[in-house]
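*Asks:* For reference, the sequence and a predicted model appear below.
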Amino acid sequence: MTHTIHVHGRKGGSTKTLTTLTLAGALASLGADVLVVDLDPNGADGGSLRWASLAHANGRQPAFTVCPALPRRVEADVVIFDHPPGQPSRLPEGLIVIPTSLDPGNVISAMRLQAQLAKRKPAPIVVASRVRLDRAEPRKMLAQLEGVHAVRDRAIYPTSYGAGQTIYDMSGPHAEAARQEHLPVVQQVLAALGNPTFAPVQAGGVS
């Protein structure tokens with residue numbers, strides 16, 4: 001069975017690519033065969049296809065496959081679509097993950113999109129991404145968002161992107177802290193997918 005995840009947001013710069021890559025890395029680390037479909041290769045974060053190219057330029061084999069379109073035949077355990085910003089058209093079935101930064105405009109946009117898609121099953125998940133919890137306003141906004149997990153703005157994210165890695169490829173205390181912080185998001189996604197189990201697969205790349 002192939003599980004489908006759509007990473008979507010109305011506004012650009014909402015860290016959709018970061019969310020896509022980190023979630024793909026997390027699921028791949030659990031043994032899932034993950035396919036990322038980059039429908040927004042020119043996005044503000046640089047795109048998943050560019051990330052995969054950076055991985056190969058650095059002599060690395062990504063733990064999951066990245067491609068610009070959905071192949072006719074899909075054998076992956078999980079397919080993650082990184083959608084361009086804008087009003088969503090009719091999306092196929094699957095889990096929708098809505099990343100947002102904690103500023104009023106992006107939060108309002110994310111919550112409106114979640115409300116618009118509230119009748120979907122499984123219910124959409126909102127993730128507060130690249131959050132500065134050392135500032136009062138983001139902390140206040142996060143406290144008002146029930147069930148929304150926060151992923152801090154950490155230097156390891158741009159560092160890992162530039163190397164063609166995710167936090168699940170890296171070692172050291174900073175990577176471990178980022179993985180622990182991301183764990184509730186992974187658990188929330190897995191629960192929405194029905195808590196599937198995966199068999200280990202070989203590393204992927206660009207196709």
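*Replies:* Yep, it's here. Numbering: from 1, shown residues only.

*Asks:* pretty sure G86 contacts R10?
*Replies:* Yes. G86 is in contact with R10 according to CB atoms under 8 Å; the separation is 6.4 Å. All C-beta atoms are positioned from the backbone trio N, CA, C, and that covers glycine.

*Asks:* which other residues reach the longest helix anywhere in the chain?
*Replies:* The residue-count maximum for a helix in the chain (DSSP state H) belongs to helix 173-192. Here helix 173-192 makes contact (CB atoms under 8 Å, 6 or more residues apart in numbering) with 5, 22-23, 26-27, 95, 97, 122-123, 125, 127, 149, 151-152, 154-157, 160, 167-168, 196.

*Asks:* switch to 7 Å and redo it
*Replies:* If you take CB atoms under 7 Å, 6 or more residues apart in numbering as the criterion, helix 173-192 is touched by 22-23, 26, 95, 97, 122, 125, 127, 149, 151-152, 154, 156, 167-168.

*Asks:* V37 reaches F64, doesn't it?
*Replies:* No. Using CB atoms under 7 Å, V37 makes no contact with F64, being 11.2 Å away.

*Asks:* all helices of this structure, in order?
*Replies:* For the chain, the helices identified by DSSP H occupy 16-29, 48-57, 104-116, 136-143, 156-162, 173-192, in order along the chain.

*Asks:* Kindly export the last one (C-alpha atoms) in CSV.
*Replies:* Which is helix 173-192. The C-alpha trace of helix 173-192 is given here as CSV (Å, rounded to 0.1, in the frame of the first residue of the first chain):
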residue,chain,number,x,y,z
PRO,A,173,24.3,16.7,19.3
HIS,A,174,22.7,19.4,17.1
ALA,A,175,21.3,16.8,14.7
GLU,A,176,20.1,14.7,17.6
ALA,A,177,18.4,17.7,19.2
ALA,A,178,16.7,18.5,15.9
ARG,A,179,15.5,14.9,15.4
GLN,A,180,14.1,14.8,19.0
GLU,A,181,12.2,18.0,18.4
HIS,A,182,10.9,16.7,15.1
LEU,A,183,9.8,13.4,16.6
PRO,A,184,6.2,14.6,17.6
VAL,A,185,5.6,15.7,14.0
VAL,A,186,6.7,12.3,12.7
GLN,A,187,4.5,10.5,15.3
GLN,A,188,1.5,12.7,14.4
VAL,A,189,2.0,11.9,10.7
LEU,A,190,2.4,8.2,11.3
ALA,A,191,-0.7,8.1,13.4
ALA,A,192,-2.7,9.8,10.6
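
*Asks:* K121: how many residues sit nearby?
*Replies:* Neighbours of K121 under the rule other CB atoms under 10 Å: 7.

*Asks:* Can you give me the distance of it to E146?
*Replies:* From K121 over to E146 the distance is 19 Å, taken as CB to CB, to the nearest Å.

*Asks:* what does G47 give?
*Replies:* With CB to CB as the criterion, G47 and E146 are 32 Å apart.

*Asks:* Between those two, which is the more surrounded one?
*Replies:* Taking other CB under 10 Å, G47 and E146 do not tie; G47 has more neighbours (22 against 6).
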